[in-house]
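Novice: Let's see this in three dimensions:
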Amino acid sequence: MSQDRELPTPISACVICYQEADRIEDCLRSLAFCDEVLVIDSGSTDGTVEKAEALGATVRSNRPFPGHREQKQLAIEWARHDWVLCLDADERITPELQAKIQALRATGLQGSGYTMPRRNHYLGKVVRAGLFWPDRKLRLFDRRVGRWGGTNPHDKVVLLDGEAVTHLDEAIEHLTYRDFSHQLRTIDSYTRISAEALHRQGRRCSLFDLLLRPPAVLFKSLVLKRGFVDGWRGVLIAVMAFYYDWLKYLRLRRLQRT
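Specialist: Prediction:
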């Protein structure tokens, strides 16, 4: 019998969280097939840590919260294995995606990483168009050739070697916002973080940014990406994308004036 068959690739699941007691359990259960489940918490007081530990996750604390990109990078550096599968607490690995990953790792994961679409739930329903689909993310990757980059709070995995990734069809389940008020709070927080990050980079807001970018985002979401097929949810997603961009650049303009 041949002895050169590759062994299954060990995977570390990495999750960052804060005050996610209502969502952390389903997230971690979907990652139970991994060889390690590592949770980096930034000071939760609502029982998130206790629920994660009860499910067998290794929980470590890093506070104060340094930023999404920095916290996620720390998580993969603290992981035991080089191949990492990264989720947010409001995401889950679907059974179909789990089966696909299991089949791939059985003979050894290849290349730099794997992308997958996100099945986004918005206000009680899965949306299949607009900015929310396919919303493809690189979440399973080899940390030796990739790291967390981007601009907070919109972090992304950046590959160091430029090697192509494999695109999977199976999706991550994403619960997005708990309700509309949660979306408004998130927009308020994220636009502040985004504006401050752009300001530190020396980015300046022009009238073009403030007056033309938000309508362009709305048009892209509603028309070019056919968000209208999701009915009122698609329209609301486009409107809130307009509001997000407008508020981000307005705050950046205010920062540069002060």
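Novice: Tell me what the residue nearest to Leu140 when sequence neighbours are not counted is bridged to.
Specialist: Spatial nearest neighbour of Leu140, excluding adjacent residues (CB to CB, 6 or more residues apart in numbering): Tyr114 at 4.4 Å. Every residue, glycine included, has its C-beta placed from N, CA and C. Assessed by DSSP bridges, Tyr114 has beta-bridge partners Leu140, Thr166.
Novice: how near is the most centrally placed residue in the chain to His68?
Specialist: Nearest residue to the geometric centre of the chain (CA atoms, centre = their mean): Asp88, 5.8 Å. From Asp88 over to His68 the distance is 9 Å, taken as CB to CB, to the nearest Å.
Novice: the strands in the stretch 151-258 of the chain, which residues?
Specialist: Ranges of strands in the stretch 151-258 of the chain, per DSSP state E, counting those that start in this stretch, are 154-159, 166-167, 172-174.
Novice: Common neighbours of Asp88 and His68, please.
Specialist: Taking CB atoms under 8 Å, 6 or more residues apart in numbering as the criterion, Asp88 and His68 both touch Ile16.
Novice: low-confidence ranges in the stretch 101-250 of the chain?
Specialist: Residues of the stretch 101-250 of the chain meeting the criterion pLDDT under 70: 162.
Novice: let's see 90
Specialist: 160-164 (pLDDT under 90).
Novice: Just the helices from it, written as ranges.
Specialist: 180-200, 207-211, 213-219, 231-257 (DSSP state H, counting those that start in this stretch).
Novice: circling back to that earlier point, single out the most deeply packed of the strands of the stretch 151-258 of the chain.
Specialist: Of all the strands of the stretch 151-258 of the chain, strand 172-174 has the most neighbours on average by mean count of other CB atoms under 10 Å, namely a mean of 21.
Novice: What is that one packed up against?
Specialist: Packing partners of strand 172-174 (3 or more CB pairs under 8 Å, 6 or more residues apart in numbering; DSSP states H and E): strand 91-93, strand 118-122.
Novice: Kindly compare burial across these and name the winner.
Specialist: Counting by mean count of other CB under 10 Å, strand 91-93 has the highest mean neighbour count of those, with a mean of 25.
Novice: List the pairing partners of that strand within its sheet, with orientation.
Specialist: Per DSSP bridges, strand 91-93 is paired in its sheet with strand 172-174 (antiparallel).
Novice: Using a markdown table, please lay out the strands of the stretch 151-258 of the chain together with distance to Lys225.
Specialist: Formatted as a markdown table, those follow (distance: least, CB to CB, whole Å):
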| stretch | distance to Lys225 |
| --- | --- |
| strand 154-159 | 18 |
| strand 166-167 | 18 |
| strand 172-174 | 17 |
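Novice: nearest to Leu38, of the ones you listed?
Specialist: strand 154-159 (16.5 Å; CB to CB).
Novice: Check the offset of the closest one from the chain's centre.
Specialist: 9 Å (CA atoms, centre = their mean, to the nearest Å).
Novice: That strand vs helix 180-200, what angle?
Specialist: Taking axes from the mean of the first three to the mean of the last three CA atoms, to 10 degrees, strand 154-159 and helix 180-200 form an angle of 60 degrees between their directions.
Novice: So which elements touch strand 154-159?
Specialist: helix 68-78, strand 137-142, strand 146-151.
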